[in-house]
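Participant: Provide a 3D model corresponding to the input given below.
(chains A and B)
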Amino acid sequence: MKLLERRCGREDGWTFIEATLSVVIMAIMVLGLTIVLMAFREQLDRSWAVRVMDQYGNDVMEELTHDLRNATDVTVRPSGSNTSRIDIKYLDPIRHTILLTSRYRADLRNSRIEKDGRALDPQFPPRDMGRGESYEIVQFTLTPYGTDTPNLLERQDSFRRNEKFLNASWDIRFKLRYNRLAIEEGENNWSVEKEYFNRVYVRNMNLVVQNGITE
Amino acid sequence: MRKFKHGLHGDAGSIDFVQVIVGLIIVGAACVGTFQALQFGNNQLNAQMRYRSAISIARSYVEYWQGRIHADSPTMGEMDGNLLTAPGQARNRYLLDRRDPLTDVDDIYCDVRYGKIVAVPNAELGTNKETGKTLTSHFVIRVAVSWIEPSSDKGYQEQNVVEFQGSMVPASF
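Facilitator: You can find the predicted model right below:
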């Protein structure tokens, strides 16, 4: 019985090597976890910011495309730094004899698109951005079909189209950039640029409803 | 007997080395699973962004043909569509997703095709006095945008297709 007690007693506690190994393994695991968590946190923050930007880009495109489809006339003026001021005339939906105007412009200082002097989306850019984060409008233009396109064949095709088609076909290009500047030493600056594109045919420009519906 | 039991259960209040290692392995496996789930979610969100871009491209292509039908009539050859055109021709190829901004190797391009532009007759409109054919009420345009999703765990490349349909009448109608 004493022999049994002594044998069982030797199982108590840890040996020095076991303790050291456990501490070393736990330290390596915690270090690895911390590094991976920090990297993933950075990845998650970037991903979230890109999706916020993407949602805003799509919202702007949808709003402008909708207005253009119902437009009777469009006037585009350059507004500096690769942006345009877009005036869209459309018939009053209630009294079809009156023409109203919507104005779109890019507010480069606040990095947002304005419609009739108001921000299209008051939530953009987000107010709770971290240090070094910023959004930038790189391009906001409305150009006739084939004028500003990376596709060479489209540019060539535009020379074969007639005036009625070219006067009513517009390309919307909206480029946003998200910047994430390095805060601490050893970090790199990071940015991503996304382009949003839509082509709209303003059919009312080639119809008699341009000047109003009186009957 | 009591001493025997006490001897055997003497270290019941502490953890031994093997238990620590097993615990660490379990925690490690749980962490790997969590990160994989986050990665999967991120990939799915990227796929949704590409899908939305493809819809935008398809709609723009339909708008182009609507404009053509309305104001600048297409030729008979153009009315036949370009479904049989070789894939990747510049006219049909559009950038869908740039992905990593530091390299062009992983960019995803989509292929845009349109089917035959079909004239839809309407008997209520009557017939053409010269040809005797039923008059057309409108034209139908069908566009398909296809792209290949980045290689997934499935081991094969997955092709996605978005189809868009629109109709238009010429301004002369």
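Participant: Give me the secondary structure label for B:Leu84.
Facilitator: Of the three states, B:Leu84 takes coil according to DSSP: H, G, I helix; E, B strand; the rest coil.
Participant: And the pLDDT at it?
Facilitator: As predicted, B:Leu84 sits at a pLDDT of 73.
Participant: ditto for B:Ser151
Facilitator: 66.
Participant: And B:Arg91, by the same measure?
Facilitator: Per the predicted model, pLDDT is 64 at B:Arg91.
Participant: Same question for A:Arg7.
Facilitator: Per-residue confidence for A:Arg7 comes out at a pLDDT of 52.
Participant: Could you identify the helix or strand that succeeds whichever strand or helix holds A:Gln55?
Facilitator: Assigned by DSSP states H and E, A:Gln55 falls within helix A:16-69. Counting by DSSP H and E, the element after helix A:16-69 in chain order, helix or strand, is strand A:71-78.
Participant: quick one on the thing from earlier: and the helix holding A:Gln55, what does it pack against?
Facilitator: strand A:84-91, strand A:99-107, strand A:133-144, strand A:169-180, strand A:190-201, helix B:17-71 (3 or more CB pairs under 8 Å, 6 or more residues apart in numbering or on different chains; DSSP states H and E). Glycine gets a C-beta too; all of them are placed from N, C-alpha and C.
Participant: Please repeat the previous calculation with a cut-off of 6 Å.
Facilitator: strand A:169-180, strand A:190-201, helix B:17-71 (3 or more CB pairs under 6 Å, 6 or more residues apart in numbering or on different chains; DSSP states H and E).
Participant: Ranking these by mean neighbour count, which comes first?
Facilitator: For those, the largest average neighbour count (mean count of other CB atoms under 10 Å in any protein chain shown) is found in strand A:169-180, namely a mean of 21.
Participant: Please work out which residues outside that strand touch it.
Facilitator: Strand A:169-180 has contacts (CB atoms under 6 Å, 6 or more residues apart in numbering or on different chains) with A:49, A:53, A:57, A:60, A:64, A:132-136, A:138-143, A:145, A:190-201, B:67.
Participant: Okay, now the unreliable bits of the chain?
Facilitator: You didn't pick a chain, so chain A it is. Residues of chain A meeting the criterion pLDDT under 70: A:1-12, A:208-215.
Participant: not what I meant, chain B
Facilitator: Applying pLDDT under 70 to chain B flags the ranges B:1-13, B:86-91, B:151-156, B:173.
Participant: let's see it at 50
Facilitator: Chain B contains residues with pLDDT under 50 at B:5.
Participant: how far away is the residue nearest the centre of chain B from chain A?
Facilitator: Nearest residue to the geometric centre of chain B (CA atoms, centre = their mean): B:Tyr51, 3.9 Å. Using CB to the nearest CB, to the nearest Å, one obtains 12 Å as the distance from B:Tyr51 to chain A.
Participant: again with B:Val118
Facilitator: For B:Val118, the distance to chain A equals 19 Å [CB to the nearest CB].
Participant: Nearest spatial neighbour of that residue, chain-adjacent residues omitted?
Facilitator: B:Val140 (4.8 Å; CB to CB, 6 or more residues apart in numbering or on different chains).
Participant: Spit out the contact partners of the one you found.
Facilitator: B:118, B:120, B:167.
Participant: for B:Arg68, same thing?
Facilitator: For B:Arg68, the contact set (CB under 6 Å, 6+ apart) comprises B:Pro74.
Participant: Can you name the residues that contact the nearest residue to A:Thr141 once chain neighbours are set aside?
Facilitator: Computed as CB to CB, 6+ apart, the closest residue to A:Thr141 that is not its neighbour in sequence is A:Ser84, at 4.7 Å. A:Ser84 makes contact with A:76, A:141-142, according to CB under 6 Å, 6+ apart.
Participant: Could you export the residues you listed as a markdown table, including neighbour count and distance to B:Leu95?
Facilitator: Output for those, formatted as a markdown table (neighbours: other CB atoms under 10 Å in any protein chain shown; distance: CB to CB, whole Å):
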| residue | neighbour count | distance to B:Leu95 |
| --- | --- | --- |
| A:Val76 | 16 | 24 |
| A:Thr141 | 20 | 18 |
| A:Leu142 | 23 | 20 |
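Participant: Out of those, which comes closest to chain B?
Facilitator: Nearest to chain B out of the contacts of A:Ser84 is A:Leu142 (CB to the nearest CB; 13.6 Å).
Participant: which ones are touching the closest one?
Facilitator: With contacts defined as CB under 6 Å, 6+ apart, A:Leu142 is in contact with A:76, A:84, A:86, A:170, A:172.
Participant: Beta-bridge partners for it, please?
Facilitator: Applying DSSP bridges to A:Leu142 gives these bridge partners: A:Ile172.
Participant: separation between it and A:Lys194?
Facilitator: 18 Å (CB to CB, to the nearest Å).
Participant: ok, now A:Arg69?
Facilitator: The value you get for A:Arg69 to A:Lys194, if CB to CB is used, is 23 Å.
Participant: One more: A:Ser22?
Facilitator: A:Ser22 is 48 Å from A:Lys194, where distance means CB to CB.
Participant: May I have the beta-bridge partners of A:Asp107?
Facilitator: Listed by DSSP bridges, the beta-bridge partners for A:Asp107 are A:Arg112.
Participant: how about the CA coordinates for the longest strand belonging to chain B, as CSV?
Facilitator: Scanning chain B for the longest strand, with DSSP state E as the assignment, gives strand B:136-148. Taking Å, rounded to 0.1, in the frame of the first residue of the first chain, the C-alpha atoms of strand B:136-148 are listed here in CSV:
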residue,chain,number,x,y,z
THR,B,136,-44.3,45.5,-85.5
SER,B,137,-45.2,46.9,-82.1
HIS,B,138,-41.8,46.8,-80.5
PHE,B,139,-38.4,45.1,-80.6
VAL,B,140,-37.0,42.9,-77.9
ILE,B,141,-33.3,42.9,-76.9
ARG,B,142,-31.7,40.2,-74.8
VAL,B,143,-28.2,40.6,-73.3
ALA,B,144,-26.1,38.1,-71.4
VAL,B,145,-23.1,38.9,-69.3
SER,B,146,-20.9,36.0,-68.3
TRP,B,147,-17.7,35.8,-66.2
ILE,B,148,-15.7,33.2,-64.3
